[in-house]
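Student: need a 3D model of the sequence below.
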Amino acid sequence: MAKEYNGSPKHHQIESQRKRLTWIFGVSGLCILSYIMGAWQNTSAPASTNRSRVGCDVGSPLLGKGDSSMVPSSLPLSEKATTLDFESHHQIEINKSVEVQKFPPCDMSYSEYTPCQDRERGRKFDRNMLKYRERHCPRKEELLFCLIPAPPKYKTPFKWPQSRDYAWYDNIPHKELSIEKAVQNWIQVEGERFRFPGGGTMFPRGADSYIDDINELIPLTSGKIRTAIDTGCGVASWGAFLLKRDIIAMSFAPRDTHEAQVQFALERGVPAMIGVMASQRLPYPARAFDMAHCSRCLIPWFNYDGMYMIELDRILRPGGYWILSGPPIRWKTYWRGWERTKEDLKQEQDAIEEIAKRICWKKVIEKDDLAIWQKPMNHVECMENRKAYKTPHICQSDNPDLAWYKDMEKCITPLPEVHSSDEVAGGALEKWPQRAFAVPPRISSGSLPGITVDKFKEDNDQWKDRVTHYKRILPLSQGRYRNIMDMNAYLGGFAAALSKYPVWVMNVVPANSNPDTLGAIYERGFIGTYHDWCEAFSTYPRTYDLIHASGVFSIYQDRCDIILVLLEMDRILRPEGAVIFRDTVETLVKIQSITDGMRWKSQIMDHETGPFNPEKILLAVKTYRTADTKEKQN
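Tutor: Purely as a prediction, here's the structure:
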């Protein structure tokens, strides 16, 4: 018997549709309510808002206290770069009851303080081999927890390229060089400004003409020579005028009786460091420079069994040039003016010639005031002629790049092995500018563990995207920034991505980095140095416009007090200079709590790839403050 059927199929379909629609509307309503509640919570003022922490939105009055004709009145940032509430999204505990530590200004006597090259401290050390002028950093109890003040009338420096020729007197109020070097035309005082005519002890017609003389002897404009080092640089006019020939020089001079040489160089927008050839290696890797230069730099090249020339040999690339002008070159003409005897000067030149032969350099030419030697492309012929020239022994050290507090050695730094006498040891380099993005030989040869050709190319692409993002939040192309420091440079990708802008970058590789990448950075045609950020950098206060710190504090937070690292950054950063931090949210929040006490204005932003990347960006700006405005600081 068939089962009785009381309902209509159509009725059941309608009922089923009603239930489905009811469920859909119910879920939709809950979603809309959740969205509205979330939006309401996120538009509320964050509980951690601190009135001293000012975001860097468009129109924020962050800049403009310096020379108003030289800088914009505000730092233009993307309108999307709004202050982010990391407390609600990242579960960071912030103790609201802890007051931000305020750092007072230091006494005006510290306005040009260079902690590790302090003259008073240096006097306690051995004067033999100028050891007293080397780095001697303060002990823990001597460290300053205050902010280095700028001179009372400090102004924003001139923009490049005008800065090459002019600087404000009030920024570096020292007339000593204009008096001591008046005849040599290093520097002149013109009202409120210094003018740099480009003169030098051995180039009275100016650095530009002097470089033209060198160019007649070796090729400076072919792109083959890109990196140079100027020992005993004065105010770095040689390096300044090389820049227009696409050659970048690392200029250095000690902090000595010639007041503020390196400070003048950096004020001009020319790369420079405080440094001296004494008993320790220069803080650069082996095979770094295409050219070295000494113009009456007063370095005793012939002393200590030629150790200083041997150190130059370490840092010169195979085929690199050494240029010497001044005593003893052309001594037959100048011996009376140098107030030395003919016999003394002849003996000095003979000693230099002999040392050059012993380390296998060949003399290219001596003409007028210039003498030029060239390092060999490899050591094949050098090894064959060791007995004839009585060359120093080959160093046994397995790390020729080791140069942080490392004593110089009186032995030849070995070059990588080659298969033929015409092969360039370590690999040939592309000409500039192709060199900037060509794979460095240290990477293509596999000598940097873990860094492949593919990783190098990926790093370049990544930094291209990052700098494109930075350009949206900072005026990189407008001349606002000239001297830039990368505190953790890795492969130099940041410097490479900036190479089209009117800037230069000091690429810092933290000492004891593994792998050590500074040699690869030099092979790309950029300059840099080793450094340990638990100590002060070898520069004067207020010498950098922009500092980039990617992952620096994750490296150093367990090694030293990050407050001291941040105070050092404040020391070397110009008023109204900027800092870009890249790190974890937790680290950036910690940094921001300290920079608030340093009166920096800062803002945490999302990563350029979006909010889901755990790495964030903290953009900070050092406020304008001078010694005469310290009472106004709150």
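Student: ok, now which ones touch the residue nearest to Cys137 when sequence neighbours are not counted?
Tutor: Distances taken as Cβ to Cβ, 6 or more residues apart in numbering put Cys116 closest to Cys137, at 4.2 Å, once the chain neighbours are dropped. C-betas here are computed from N, CA, C, even on glycine. Contact partners of Cys116, counting by Cβ atoms under 8 Å, 6 or more residues apart in numbering, are Arg135, His136, Cys137, Pro138, Glu535, Ala536, Ser538.
Student: which of these count as buried?
Tutor: Arg135, Glu535, Ala536, Ser538 (16 or more other Cβ atoms under 10 Å).
Student: columns distance to Cys146 and pLDDT on top of these, output as a markdown table?
Tutor: Shown next, in a markdown table, are the buried ones among the contacts of Cys116 (distance: Cβ to Cβ, whole Å; pLDDT from 0 to 100):
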| residue | distance to Cys146 | pLDDT |
| --- | --- | --- |
| Arg135 | 22 | 97 |
| Glu535 | 18 | 98 |
| Ala536 | 14 | 98 |
| Ser538 | 21 | 98 |
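Student: ok, the residues you listed vs Phe494, which is closest?
Tutor: Ser538 (20.8 Å; Cβ to Cβ).
Student: can you map out the helices along the stretch 101-250 of the chain?
Tutor: 119-122, 176-180, 207-215, 237-242 (DSSP state H, counting those that start in this stretch).
Student: can you redo those helices as TSV with mean pLDDT, mean neighbour count and distance to Pro614?
Tutor: TSV is the format used below for these (pLDDT from 0 to 100; neighbours: other Cβ atoms under 10 Å; distance: least, Cβ to Cβ, whole Å):
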stretch	mean pLDDT	mean neighbour count	distance to Pro614
helix 119-122	90	14	43
helix 176-180	58	15	50
helix 207-215	96	18	49
helix 237-242	96	26	41
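Student: what's the closest of those helices to Gly450?
Tutor: The nearest among the helices of the stretch 101-250 of the chain, by Cβ to Cβ, is helix 237-242 at 34.2 Å.
Student: who does the closest one touch, helix- and strand-wise?
Tutor: helix 207-215, strand 227-231, strand 248-253 (3 or more Cβ pairs under 8 Å, 6 or more residues apart in numbering; DSSP states H and E).
Student: separation between the closest residue to Arg296 other than its chain neighbours and Cys297?
Tutor: In space, and not counting its chain neighbours, Arg296 is closest to Gly326: 3.0 Å by Cβ to Cβ, 6+ apart. For Gly326, the distance to Cys297 equals 7 Å [Cβ to Cβ, to the nearest Å].
Student: and Trp335, how many neighbours?
Tutor: 18 (other Cβ atoms under 10 Å).
Student: tell me the centre residue of the protein?
Tutor: Centroid-nearest residue in the chain: Met506, 1.9 Å away (criterion: Cα atoms, centre = their mean).
Student: how about Ala578, secondary structure?
Tutor: The local conformation at Ala578, judged by DSSP: H, G, I helix; E, B strand; the rest coil, is strand.
Student: surely it is in contact with Leu474?
Tutor: Yes - counting by Cβ atoms under 8 Å, Ala578 touches Leu474, with 6.3 Å between them.
Student: those two: which has the busier surroundings?
Tutor: Taking other Cβ under 10 Å, Ala578 and Leu474 do not tie; Ala578 has more neighbours (29 against 21).
Student: beta partners for the more buried one?
Tutor: Leu546, Val621 (DSSP bridges).
Student: for it, give me its contacts.
Tutor: Taking Cβ under 8 Å, 6+ apart as the test, what Ala578 contacts is Leu75, Leu474, Tyr481, Asp545, Leu546, Ile547, Leu619, Ala620, Val621, Lys622.
Student: pLDDT below threshold where in the stretch 1-150 of the chain?
Tutor: Within the stretch 1-150 of the chain, the stretches with pLDDT under 70 are 1-99.
Student: at 90 instead, please
Tutor: Scanning the stretch 1-150 of the chain with the threshold set as pLDDT under 90 gives 1-100, 119-120.
Student: next, give phi and psi for the closest residue to Arg435 other than its chain neighbours.
Tutor: Using Cβ to Cβ, 6+ apart and skipping the chain neighbours, the partner closest in space to Arg435 is Gly525 (4.3 Å). Phi and psi for Gly525, reported as degrees, to the nearest 10, are phi 90, psi 20.
Student: do the one 10 residues further on as well
Tutor: Comment: the main-chain dihedrals of Glu535 come out as phi -120, psi 170, following degrees, to the nearest 10.
Student: how about the nearest residue to it, chain neighbours excluded?
Tutor: Cys137 (4.9 Å).
Student: please tell me how far the one you found sits from Val565.
Tutor: 13 Å.
Student: Thr587 now?
Tutor: In terms of Cβ to Cβ, Thr587 sits 12 Å off from Val565.
Student: overlap of the contact sets of these two?
Tutor: Common neighbours of Thr587 and Val565 (Cβ under 8 Å, 6+ apart) are Phe553.
Student: name the residue in these two with the higher neighbour count.
Tutor: Higher neighbour count among Thr587 and Val565: Val565, with 23 against 20, using other Cβ under 10 Å.
Student: confirm that one sits in a strand?
Tutor: No - per three-state DSSP, Val565 lies outside any strand segment and is helix.
Student: OK, contacts around it?
Tutor: Trp533, Cys534, Val552, Phe553, Tyr556.
Student: give me that answer again for 7 Å
Tutor: The contact partners of Val565, taken as Cβ atoms under 7 Å, 6 or more residues apart in numbering, are Trp533, Tyr556.
Student: contacts only, for the nearest residue to Arg119 once chain neighbours are set aside.
Tutor: Distances taken as Cβ to Cβ, 6+ apart place Arg255 nearest to Arg119, at 6.7 Å, with adjacent residues excluded. Counting by Cβ under 7 Å, 6+ apart, Arg255 makes contact with Thr114, Gln117, Arg119, Ile274.
Student: strands along the stretch 151-300 of the chain, start to end?
Tutor: 166-168, 188-190, 193-195, 227-231, 248-253, 272-274, 289-295 (DSSP state E, counting those that start in this stretch).
Student: next one: the stretch 351-500 of the chain
Tutor: Using DSSP E, counting those that start in this stretch, strands in the stretch 351-500 of the chain cover 362-367, 370-374, 483-486.
Student: got the contact list for stretch 359-367?
Tutor: 217-218, 309-310, 313, 329, 356, 372-376, 382, 391-392, 412.
Student: farthest pair in the residues you listed?
Tutor: It's Leu217 and Pro392 that sit farthest apart of the contacts of stretch 359-367, by Cβ to Cβ, at 27.7 Å.
Student: do you know how far Ile591 is from Leu491?
Tutor: Distance from Ile591 to Leu491, by Cβ to Cβ: 24 Å.
Student: give me the more crowded residue out of the two.
Tutor: Ile591 (26 against 23).
Student: return the backbone torsion pair for that one.
Tutor: Taking degrees, to the nearest 10 as the convention, Ile591 sits at phi -60, psi -40.
Student: what sits against it?
Tutor: So Ile591 contacts Phe553, Leu566, Phe581, Leu618 (Cβ under 7 Å, 6+ apart).
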